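K.L.:
my questions concern the predicted model and sequence given below.
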Amino acid sequence: MTYFPALLNIDYKKVVVVGGGNVAAQKVRALLPTKANIHIISPDLIAELASYVQEGRAIWHEKQFAPHDVDDAVLVFATTNSEAVNDAVEEATQHWQQFSRADMKGRVDFINPAVVRRGELILAVSTSGASPGYTRKLKAELEEQFDESYAQYIAFLKHCRQQINATLTDKAAKRKALQQTLCPEIFDWLQQGDVQQCEAFLQNLLNGEQST
Ligand SMILES: C[C@@]1(CC(=O)O)c2cc3[nH]c(cc4nc(cc5[nH]c(cc(n2)[C@H]1CCC(=O)O)[C@@](C)(CC(=O)O)[C@@H]5CCC(=O)O)C(CC(=O)O)=C4CCC(=O)O)c(CCC(=O)O)c3CC(=O)O
Ligand SMILES: NC(=O)C1=CN([C@@H]2O[C@H](COP(=O)(O)OP(=O)(O)OC[C@H]3O[C@@H](n4cnc5c(N)ncnc54)[C@H](O)[C@@H]3O)[C@@H](O)[C@H]2O)C=CC1
């Protein structure tokens, strides 16, 4: 299968996860940074999921799956340990609802990548189902390579881009300035906690004075 990668806006939309085990938790963990309305359908929950429910970050329907549970959901995850139940979830899911099936036994509209988030930076990795174990290993490597400092770095690049777009009018000058924000010095200055140096660099770009 050749999959199409995309980043979805699911804020305030209903998402249903059927099952309350480790695989369900993996899916819910990936959903939590969004503002989606997360509904878990399962007669039981592992402790991690129970804590999300207790914190009000997901809604638990303590029951066996029934077809109407998927009503109005934009994403549906079938993560139970029963092929028959996953079949029933698949059957209940309309063609306009995106369906993910953890056992890969039937219809699969999308599969889940491993995700590393650093502020607004999103690194998503997949082997298209070839080797989820390798995907997990690659994620661990990316977590090391892209540490938490990247959140601040991306936030500063965003700030620069907003300022440049608001200040410079000439297209070529804008492009040049945006390109210059990608110089390695900015990352290094932020690592050293030297925000002043970064701001001075940006001011020079906005004044058209930076030549590097
Ligand atoms: C197709 C896909 C569908 C989907 O679920 O979206 C799928 C399917 C299956 N996974 C299986 C097994 C494992 N999955 C993991 C881990 C992850 N699996 C994830 C995604 C995906 N798994 C999608 C493809 C992604 C890709 O290829 O890149 C991750 C990335 C994200 C997530 O789970 O949301 C998450 C890591 C996230 C993280 O660490 O953050 C591990 C490793 C571990 O847990 O340590 C193992 C054991 C090792 C092994 O088997 O390789 C099995 C066999 C089940 C069985 O034997 O019963 C199936 C079914 C089959 O292949 O038929
Ligand atoms: N995609 C992935 O990353 C992986 C997928 N898998 C697949 O995912 C399945 C689930 O794995 P785990 O979460 O580890 O299993 P698990 O056994 O820990 O959890 C299964 C959950 O499904 C619930 N369930 C069973 N019948 C139900 C029903 N009628 N209605 C609602 N909920 C019901 C159970 O109560 C339990 O909470 C595995 O059997 C395997 O096929 C397994 C490992 C990784």
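P.N.:
Thanks, I have it. Ligands and ions are numbered 1, 2, ... in the order given.
K.L.:
what's near enough to touch the residue in the chain that ligand 2 sits nearest to?
P.N.:
Taking CB to the nearest ligand atom, ligand 2 has its nearest neighbour within the chain at residue 21, 2.1 Å off. Bear in mind the C-beta positions are built from the backbone N, C-alpha and C, glycine included. Applying CB atoms under 8 Å, 6 or more residues apart in numbering to residue 21 gives the contacts 42, 46, 79-81.
K.L.:
out of those, which end up buried?
P.N.:
Burial by neighbour count, 16 or more other CB atoms under 10 Å: within those this picks out 42, 79-80.
K.L.:
pLDDT score for residue 29?
P.N.:
Residue 29 carries a pLDDT score of 98 in this model.
K.L.:
where does the chain come near ligand 1, residue by residue?
P.N.:
26-27, 30, 100, 102-104, 111-114, 126-133, 135-136, 139 (CB under 6 Å from any ligand atom).
K.L.:
filter those by proximity to ligand 2?
P.N.:
26, 102-103, 132.
K.L.:
domains in the chain, by residue range?
P.N.:
Split into domains by automatic domain parsing, the chain comes to 14-111, 113-147, 149-206.
K.L.:
do me a favour and get the end-to-end distance for the longest one?
P.N.:
This means domain 14-111. 18 Å (CA to CA, to the nearest Å).
K.L.:
could you check how far that domain is from the centre of its chain?
P.N.:
In terms of CA atoms, centre = their mean, to the nearest Å, the centre of domain 14-111 is set 17 Å apart from its chain centre.
K.L.:
rewinding a little: just the buried ones among the contacts of residue 21 now: which is nearest residue 62?
P.N.:
Lowest distance from residue 62 to the buried ones among the contacts of residue 21 (CB to CB) belongs to residue 42, with 7.5 Å.
K.L.:
got a list of what the closest residue to the closest one other than its chain neighbours touches?
P.N.:
Distances taken as CB to CB, 6 or more residues apart in numbering place residue 20 nearest to residue 42, at 3.1 Å, with adjacent residues excluded. Listed by CB under 8 Å, 6+ apart, the contact set of residue 20 reads 40, 42-46, 49, 60.
K.L.:
cross those against strands and list the overlap.
P.N.:
Under the assignment DSSP state E, the contacts of residue 20 contribute 40, 60 to strands.
K.L.:
out of the contacts of residue 20, which touch ligand 2?
P.N.:
Counting by CB under 6 Å from any ligand atom, the members of those near ligand 2 are 42-44.
K.L.:
can you list which of the residues you listed are found in helices?
P.N.:
Within those, no residue falls in helices by DSSP state H.
K.L.:
reformat the residues you listed as a markdown table; add pLDDT.
P.N.:
Shown next, in a markdown table, are these (pLDDT from 0 to 100):
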| residue | pLDDT |
| --- | --- |
| 42 | 98 |
| 43 | 98 |
| 44 | 98 |
